[in-house]
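1. can you look at this prediction? I've put the sequence above it.
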Protein chains: 2
Amino acid sequence: MARASFRDIKEEMERRIATRVWRPGATIPGEEELAREFGSARATVNRALQELARAGVVERKRKSGTRVSLHPVREARFIIPLVRQEIEAEGATYRYALIERTIEPAPDLVRARLGLDGGEMLHLRCLHLADDAPWQFEDRWINLAAVPQARDQDFAATGPNEWLVMNTPFSRADFSFRAARAGSEEAGLLGLADGEAVFVAERMTFIGEEPVTLVRMVYPPAYVLRTSM
Amino acid sequence: MARASFRDIKEEMERRIATRVWRPGATIPGEEELAREFGSARATVNRALQELARAGVVERKRKSGTRVSLHPVREARFIIPLVRQEIEAEGATYRYALIERTIEPAPDLVRARLGLDGGEMLHLRCLHLADDAPWQFEDRWINLAAVPQARDQDFAATGPNEWLVMNTPFSRADFSFRAARAGSEEAGLLGLADGEAVFVAERMTFIGEEPVTLVRMVYPPAYVLRTSM
DNA sequence: AAGTGGTCTAGACCACGTC
DNA sequence: ACGTGGTCTAGACCACTTT
């Protein structure tokens, strides 16, 4: 092997952990010693170890050293792509259809979820299609107090998600995922039988403490959310 | 300000993006120029930019330079707790029940998913309960070639998940989540009506390239997976 | 006080993509 | 060919934690 890269070093260390040369809970050698062993600079070993630590494979503490995690990785990451990207990544053609756009006072349920006192909201209902087959039904409420420019958008050609991503930064988002039975309206729009199982994702986003939007996304049962770590 | 750390630089760059000094799609200055501006080494700017790229805020390509992402692909993290912890966090009492434990050759479907040629597998089916109400039905296949010690475990008192976490490191895991209709057996075990919507999580884990386990976890429709970012 | 990881620097060379 | 990011090095100093 040529000079060892931080990737090589990381792989070798993963191998040692997987094959229990380095056992869970055990302290592994210090960076300096490892650098000597791998014939590399300490910074290179450091980078490999930092990545392992970020992934939860090892735990590091100054003075005490680096230990193999007892309860490895309890965290997975997953990306929230735009529907358009999600669909185009499948090799399908994306199409968008607006169903309804109204401005109304926030219903109690939405106000409660977002922690709002009152005020007007933009209510949008739309459909995202892949190769003309329904892919996602979106039911969205936008807080016009937080995003006044949304009032001037008709969202006829572009979905609110893309517009918001481009125009409204957010500082926090809460997600939830569940299974549910399709209501008759949802079933109709998605081309499903009544009572079919649907995958429901909900998202609330905030700028600081101010609520921006609440969206409910309903997918047909063929949809699968994937991630890996 | 003292000498700029990569964190300071990262924050300043995030600020410039949030305040649209650097606009979506625009190319930002090269590392060398930024290093001069911040009075730091190029490696320090590089680290800040790499973290922004990993977070999806910017996109980098050699020769072309670094540009602000048009559609920031934000990533969310979620924790995969042990069922026991999940239930106890709800303030409920955890109970575990083994339904079936057999050693069999891998069925074709499982072999295909895991990329196995053959060999014996441990098949476990069990139920996790919260305050004596069914919480999760678990159907698990363990590759005995990768985890021979599992053959000696009866899994009568402790679920395979807890045992594996403590005894088998893994280097990669793939997750998927979907909605489905409960089969009659699942419905019976979970106390649901036939055809009720259930939330299905699947996980495959590997040590290096060697498959360790495939598990299908089925939750009643009341279950909600939450995360935030 | 001392040990270990955390970060920074200045310089170098490499790798990839574009021209 | 050339420009930009990717990575490595050798050395230095700092910061946190434990002794």
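-> Arrived safely. Quick caveat: nothing in here was measured; it's all calculated off a predicted structure.

2. close to DNA strand D: what parts of chain A are there?
-> Chain A has residues A:3-8, A:39-44, A:47, A:61-64 near DNA strand D, with proximity defined as Cβ under 7 Å from any atom of the strand. Every C-beta, even on glycine, is put in place using the N, C-alpha and C of the backbone.

3. only whichever of those are buried, select them in PyMOL.
-> Applying 16 or more other Cβ atoms under 10 Å in any protein chain shown to the residues of chain A next to DNA strand D, the buried members can be selected in PyMOL as follows:
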select buried, chain A and resi 4+6+8+40+44+47
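
4. in strands only, show me the residues of chain A next to DNA strand D.
-> Among those, the residues falling in strands (DSSP state E) are residue A:61.

5. ok, which of the residues of chain A next to DNA strand D also contact DNA strand C?
-> Among the residues of chain A next to DNA strand D, proximity to DNA strand C is found for A:42, A:43, A:61, A:62, A:63, A:64 (Cβ under 7 Å from any atom of the strand).

6. just the closest of the residues you listed to chain B, please.
-> Nearest to chain B, judged by Cβ to the nearest Cβ, of these is residue A:43 at 9.0 Å.

7. quick one: that closest one from residue B:4, how far?
-> Residue A:43 sits 19 Å away from residue B:4, going by Cβ to Cβ, to the nearest Å.

8. show me the two of the ones next to DNA strand C among the residues of chain A next to DNA strand D that sit farthest apart.
-> Maximum pairwise distance in those, criterion Cβ to Cβ, is 20.7 Å, between A:43 and A:64.

9. please identify which helix or strand holds residue A:192.
-> Per DSSP states H and E: residue A:192 is located in neither a helix nor a strand.

10. any weak-confidence spans in chain A?
-> Along chain A, segments meeting pLDDT under 70 span A:1-3, A:72-77, A:79-81, A:166, A:169-171, A:208.

11. what residue of it is the furthest out?
-> residue A:36 (40.1 Å; Cα atoms, centre = their mean).

12. name the element that residue belongs to?
-> Residue A:36 is part of helix A:31-38, with elements assigned from DSSP H and E.

13. quick one: contacts for the residue in chain A positioned nearest to DNA strand D?
-> Nearest residue of chain A to DNA strand D (Cβ to the nearest atom of the strand) works out as residue A:5 at 2.7 Å. Shown in contact with residue A:5 (Cβ atoms under 8 Å, 6 or more residues apart in numbering or on different chains): residue A:44.

14. give me that answer again for 7 Å
-> By Cβ atoms under 7 Å, 6 or more residues apart in numbering or on different chains, the contact set of residue A:5 is empty.

15. one step back: how much space between the residue farthest from the centre of chain A and residue A:4?
-> Distance from residue A:36 to residue A:4, by Cβ to Cβ: 12 Å.

16. and the gap between residue A:129 and chain B?
-> As judged by Cβ to the nearest Cβ, to the nearest Å, residue A:129 and chain B stand 19 Å apart.

17. which residues does that residue form a beta bridge with?
-> residue A:95, residue A:134 (DSSP bridges).

18. residue A:151 - that's part of a helix, no?
-> Yes. Assessed by DSSP: H, G, I helix; E, B strand; the rest coil, residue A:151 belongs to a helix.

19. ok, stretch A:187-194 near chain B or not?
-> No. Using Cβ under 7 Å from any Cβ of the partner chain, we find that stretch A:187-194 stays clear of chain B, coming within 10.4 Å at best.

20. pull out the buried residues from that stretch.
-> Residues A:187, A:189, A:190, A:192 are the ones in stretch A:187-194 that count as buried (16+ other Cβ under 10 Å).

21. ok so, going back, for the residue farthest from the centre of chain A, give me its contacts.
-> With contact set as Cβ under 7 Å, 6+ apart, residue A:36 has no partners.

22. list the contacts of residue A:96.
-> Counting by Cβ under 7 Å, 6+ apart, residue A:96 touches A:126, A:128, A:158, A:159.

23. ok, now how distant is it from DNA strand C?
-> Remark: distance between residue A:96 and DNA strand C (Cβ to the nearest atom of the strand, to the nearest Å) = 29 Å.

24. next, residue A:86: phi, psi?
-> Backbone torsions of residue A:86, given as degrees, to the nearest 10, read phi -60, psi -40.

25. near it, how many other residues are there?
-> Per other Cβ atoms under 10 Å in any protein chain shown, the neighbour tally for residue A:86 reads 19.

26. equivalent analysis for residue A:129, please.
-> Counted with other Cβ under 10 Å, residues neighbouring residue A:129 total 17.

27. and the one 4 residues further on, by the same measure?
-> Number of residues near residue A:133 (other Cβ under 10 Å) recorded here: 12.

28. so who does it touch?
-> Per Cβ under 7 Å, 6+ apart, neighbours of residue A:133: none.

29. now with 10 Å, please.
-> By Cβ atoms under 10 Å, 6 or more residues apart in numbering or on different chains, residue A:133 lies in contact with A:92, A:95, A:190, A:191, A:220, A:222.
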